[in-house]
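# fold the following, please.
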Amino acid sequence: MTKQPMDAEPVTAEPAAEAPVAEVPVTAGTVTAEPLWLVAANVVRWRRYGDGGQELRPGTKSYRGGSKVHVVTTYGGMGHEELTTIGRGRHTGAYITIDMATRNLHTFRPVAVYSPAVLRRAAAVGVDGAWATREDAEELAALLARLAPRYREEHWRGAPHPVPCRCHDCLSPA
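As a prediction, the model looks like this:
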């Protein structure tokens, strides 16, 4: 325990005149972020797997089949075969950010994202909204919708489908 001299006066802090007084404290819950236009897609319910694609597995290792994911970035130099997605993980249900193959997604569509968790993860990846307009999202969704079936077909080129087959191409109406 420290002792103060008896003749020392207590020091009090005076409020600064320039400091504005906020009536409502700003917290993470009260800050509203602008929506961000991203491409949403669903994970294929069943995907071909193994030697010659004769096995079927539900969803992917990280996502359940049918899960909604948000496409944050694509790798254009690789022909958009791989992309970075944000979605709820298969095992924990918490949001995860992973790179995955375009062939494992379907039903690409532009969406305005308001979810704070998705917006935080998108900002961590480096997407700040400067490029993410509705028109950009519509254009990217149309491109990925054309490429995904082609990549599914090319990946298993020449290999027959298992019997009975429940892969996305066999379950989708023509």
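
# got the phi/psi numbers for G66?
The phi/psi pair for G66 (degrees, to the nearest 10) reads phi 90, psi -10.

# repeat for L119
According to degrees, to the nearest 10, the main-chain angles of L119 amount to phi -60, psi -40.

# burial of it, as a residue count?
By other C-beta atoms under 10 Å, the residues close to L119 number 20. (C-beta placed from N, C-alpha, C; glycine too.)

# isn't it up against L36?
Yes: at 6.0 Å, L119 counts as touching L36 under the criterion of C-beta atoms under 8 Å.

# residues shared between the contacts of those two?
Common neighbours of L119 and L36, using C-beta atoms under 8 Å, 6 or more residues apart in numbering, are V113.

# where do the strands sit along this protein?
Along the chain, the stretches classed as strands by DSSP state E are 36-43, 46-49, 55-58, 68-74, 82-88, 95-101, 105-113.

# give me the packing partners of the first one, helices and strands only.
Secondary structure elements in contact with strand 36-43, counted by 3 or more C-beta pairs under 8 Å, 6 or more residues apart in numbering; DSSP states H and E, are strand 68-74, strand 105-113, helix 116-125, helix 134-155.

# what's the most buried one of the ones you listed?
strand 68-74 (a mean of 21; mean count of other C-beta atoms under 10 Å).

# low-confidence ranges, this structure, go.
Residue ranges of the chain with pLDDT under 70: 1-33, 48-49, 52-55, 129-131, 156-174.

# try 50 this time
Where the chain drops to pLDDT under 50, the residues are 11-31.

# and the helices and strands packed on strand 36-43 as JSON lines, adding distance to E82?
Shown next, in JSON lines, are the helices and strands packed on strand 36-43 (distance: least, C-beta to C-beta, whole Å):
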{"stretch": "strand 68-74", "distance to E82": "7"}
{"stretch": "strand 105-113", "distance to E82": "11"}
{"stretch": "helix 116-125", "distance to E82": "14"}
{"stretch": "helix 134-155", "distance to E82": "10"}
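
# wait, what's in contact with the nearest residue to T107 once chain neighbours are set aside?
If the residues on either side of it in the chain are set aside, T107 comes closest to N42, at 4.8 Å by C-beta to C-beta, 6 or more residues apart in numbering. Shown in contact with N42 (C-beta under 8 Å, 6+ apart): G66, S67, K68, V69, L105, H106, T107.

# roughly how far does the last one sit from G126?
The reference is to T107. 26 Å (C-beta to C-beta, to the nearest Å).
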